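Asks: quick one: sequence plus predicted model below, questions after.
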Amino acid sequence: MGDIATIYKLSVISFALFGDVFSSRCSVLECWFVQERPGGGGFSTRMTQEKSVLYIRTDPDGEMIEHKPSSDISPSRIYYVSDPESTFCSSALHPPEGTLNKPQCEINPFIPQASMVKWASPLTASAKSPIYLNADWYSVAAQGLNGELTLANVMRAPSGSKELSVILSVFSKTSTVRSRLGESVLLDCGFWVDPSSPLHGSGFAVEWRYQFRGEGRLVVAYDGLNDRFAETSGTDAELDIMGLYETGNASLILKEAQVSHVGTFICTIYLPHLLAQVALELEVVEPPSLAVYPSPLPLSAPGQVVKVHCEASGFYPLSLDLDWEFTDADGKKRSLGQGSVTGHRQASDGTYSQSSRLELDSLKLGLGRGGEISCVAKHQGGTRRATVTLNIIGVSAPSVEDSMAMVAVALVLYGVIKVIFWTFSSNGLSNEDANNKKEK
Ligand SMILES: *[C@@H]1O[C@H](CO)[C@@H](O)[C@H](O)[C@H]1NC(C)=O
């Protein structure tokens, strides 16, 4: 008997230990409970915000592991969530203890409604499951750390109960996607529907909208009930229909990223009377192409000013640092400053260009015999560099040949001076003669 008791105790202890290891990752989530203030109304809808906590259980038969909530959470804002698909369990929502940044989470009351949009309205044409809908509904929007997860869950609780079940979950692994121009882009979005819900298998619709600075447009809409796409203007985006049905993969593929795609993409999944959506930001980052001209630079003499231009084009977003750099014959680098930078211009594809002009005065700038002149463009998308060679003639450290040449030049100069002197002195004499004759 004693042995059995010991085994029993041991198993309880190990169970508790393991339970803790697993549970600590996904057992509790703090969220802000946000709702319109009852009796608010009027023009300004006022919101109230209260601390709340969700206790999460992934095993339907498992124990709900309850921690002692901090005293500033009202008991009415404690919820017990059944989440068999572990949608709340991403590590992005459960950072290690002591992490300064906290994931964002908000829970709101949710009201099931028949959808008005054309691609989702067939879902509610038959007005299915009205009794099932008669319950307390909540939606949760959560954002993991480092943009690693965006999540929107719709949950149901029997009226008056705090025992919630996740019915619909829409999620994206990335809240921000960054792309070069012309690359194909995957905007990740997936969804899950509780298979035990009567809404499972009664159809769905998918919608992708694009929004930028208050303006929006429909990108793709798919009516799953009728297996039909809505009319959309562009055809530069597509859904993988197989993936949609097989794994709930509603990801959008943009064939070629363009500046006109920069903005917010919203993935919405409709079930009869329910919807959940996640938003993704698409950033396009394209470093500039650089050209320096004239190339090659003309040969120049010491003190002669050579103008050199650098043109940076095709970059996005706008911010760019242009700099000039000189590398002397020994490979030593130094900055020649920015030059005169022009304002930017925007091309029809939305990319920018900007240029800089530099006056190379080899004496003032101390460029010696010349070297490499580089235009350096620092951009969010990377640093680019274009180089031309500057040759300054007539300046060099004297070599043997140079010394001989100098002697030769000196001799020639000596000869020239001598000739000039002779000519001048004989001319001077004859002029004097002429003057003398006039006076007479
Ligand atoms: C979703 O589908 C896209 C396109 O087929 C694919 O690249 C992506 O890996 C899929 N995502 C998941 C989670 O399976």
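Replies: Received it, and whenever you're ready, just let me know what you need.

Asks: please name the nearest non-neighbouring residue to the residue of the stretch 301-440 of the chain found nearest the ligand.
Replies: Residue of the stretch 301-440 of the chain nearest the ligand, by C-beta to the nearest ligand atom: residue 381 (23.6 Å). In short, each C-beta sits where N, CA and C put it, glycine included. Distances taken as C-beta to C-beta, 6 or more residues apart in numbering place residue 287 nearest to residue 381, at 3.5 Å, with adjacent residues excluded.

Asks: I'd assumed residue 379 was in contact with that neighbour.
Replies: Yes. Between residue 287 and residue 379 there is a contact under C-beta atoms under 8 Å: 4.7 Å.

Asks: please enumerate the shared neighbours of the two.
Replies: Counting by C-beta atoms under 8 Å, 6 or more residues apart in numbering, the contacts common to residue 287 and residue 379 are residue 315.

Asks: up against the ligand, what does the stretch 151-300 of the chain have?
Replies: 186, 190, 240, 243, 247, 249, 251, 253 (C-beta under 6 Å from any ligand atom).

Asks: those residues: which two are farthest apart?
Replies: Greatest spacing in these, by C-beta to C-beta: 247 and 253 (15.1 Å).

Asks: by mean pLDDT, point me to the weakest helix or strand of this structure.
Replies: helix 2-25 (a mean of 44; mean pLDDT, DSSP states H and E).

Asks: just to revisit the earlier point, now do the residue of the stretch 301-440 of the chain closest to the ligand against residue 286, distance only.
Replies: As judged by C-beta to C-beta, to the nearest Å, residue 381 and residue 286 stand 6 Å apart.

Asks: over to residue 94?
Replies: From residue 94 to residue 286 the distance is 36 Å (C-beta to C-beta).

Asks: what does residue 303 give?
Replies: 41 Å.

Asks: more crowded one of those two?
Replies: Between residue 303 and residue 286, counted using other C-beta atoms under 10 Å, residue 286 has the larger neighbour count: 23 against 11.

Asks: need the per-residue pLDDT for that one.
Replies: What the model reports as pLDDT for residue 286 is 97.

Asks: and the residue in the stretch 51-200 of the chain that the ligand sits nearest to, bridged to which residues?
Replies: Closest contact between the stretch 51-200 of the chain and the ligand, by C-beta to the nearest ligand atom, is at residue 186 (5.2 Å). Beta-bridge partners for residue 186, by DSSP bridges, are residue 253.

Asks: now stretch 323-338: average pLDDT?
Replies: Stretch 323-338 comes out at a mean pLDDT of 92.

Asks: try stretch 82-92
Replies: 91.

Asks: over to stretch 265-274?
Replies: 94.

Asks: in that stretch, what counts as buried?
Replies: Buried positions in stretch 265-274, judged by neighbour count with 16 or more other C-beta atoms under 10 Å: 265, 266, 267, 268, 269, 270, 271, 272, 273, 274.

Asks: so where do the helices sit in this structure?
Replies: 2-25, 130-133, 241-247, 362-365, 400-439 (DSSP state H).

Asks: now for the closest residue to the ligand within the stretch 251-400 of the chain, how many residues are close by?
Replies: Scanning the stretch 251-400 of the chain for the residue nearest the ligand gives residue 251, at 4.1 Å (criterion: C-beta to the nearest ligand atom). Around residue 251 there are 18 other residues, counting by other C-beta under 10 Å.

Asks: over to the one 5 residues further on?
Replies: Residue neighbour count, defined by other C-beta under 10 Å, stands at 12 for residue 256.

Asks: check contacts around it.
Replies: 181, 182, 183, 184, 236.

Asks: any of these buried? List them.
Replies: The buried subset of the contacts of residue 256 - by 16+ other C-beta under 10 Å - is residue 181.

Asks: ok, the contacts of residue 256 vs residue 209, which is closest?
Replies: Nearest member of these to residue 209, counting by C-beta to C-beta, is residue 236, at 14.8 Å.

Asks: which residue packs closest to the closest one, ignoring adjacent ones?
Replies: Leaving out its chain neighbours, residue 236 is closest to residue 255 (C-beta to C-beta, 6+ apart), at 5.3 Å.

Asks: I figured residue 300 hits residue 394, correct?
Replies: No. If you go by C-beta under 8 Å, residue 300 and residue 394 don't touch, sitting 9.6 Å apart.

Asks: state the number of residues packed around the closest residue to residue 77 other than its chain neighbours.
Replies: With C-beta to C-beta, 6+ apart as the criterion, residue 77 has its nearest non-adjacent residue at 3.6 Å, and that residue is residue 52. A count of nearby residues for residue 52, using other C-beta under 10 Å, gives 22.

Asks: tell me what residue 52 is bridged to.
Replies: residue 31.

Asks: show me the contacts for it.
Replies: 30, 31, 32, 33, 73, 74, 77, 78, 79, 107.

Asks: kindly report the same for residue 372.
Replies: 326, 327, 387, 388, 389, 390.

Asks: the first one: neighbour count?
Replies: Look at residue 326: counted by other C-beta under 10 Å, it has 21 neighbours.

Asks: repeat for the fourth one
Replies: Residue neighbour count, defined by other C-beta under 10 Å, stands at 17 for residue 388.

Asks: any weak-confidence spans in the stretch 51-200 of the chain?
Replies: 62-69, 126-130 (pLDDT under 70).

Asks: quick one: the strands in it?
Replies: Remark: strands assigned in the stretch 51-200 of the chain by DSSP state E, counting those that start in this stretch are 78-82, 104-109, 136-143, 150-157, 163-172, 176-179, 185-187, 190-193.

Asks: so what are the domain limits for the chain?
Replies: Listed by automatic domain parsing, the domain ranges of the chain are 91-123+132-155+163-284, 289-391.

Asks: that older thread, tell me the least confident of the residues of the stretch 151-300 of the chain next to the ligand?
Replies: Among these, residue 240 has the lowest pLDDT, at 90.

Asks: which one is it nearest to, not counting chain neighbours?
Replies: In space, residue 240 is closest to residue 249, 6.3 Å off (C-beta to C-beta, 6+ apart).

Asks: equivalent analysis for residue 272, please.
Replies: Here the residue nearest residue 272, using C-beta to C-beta, 6+ apart, is residue 123, at 4.4 Å.

Asks: isn't the one you found right up against residue 269?
Replies: No. The pair residue 123 and residue 269 does not pass the contact test of C-beta under 8 Å, sitting 11.0 Å apart.
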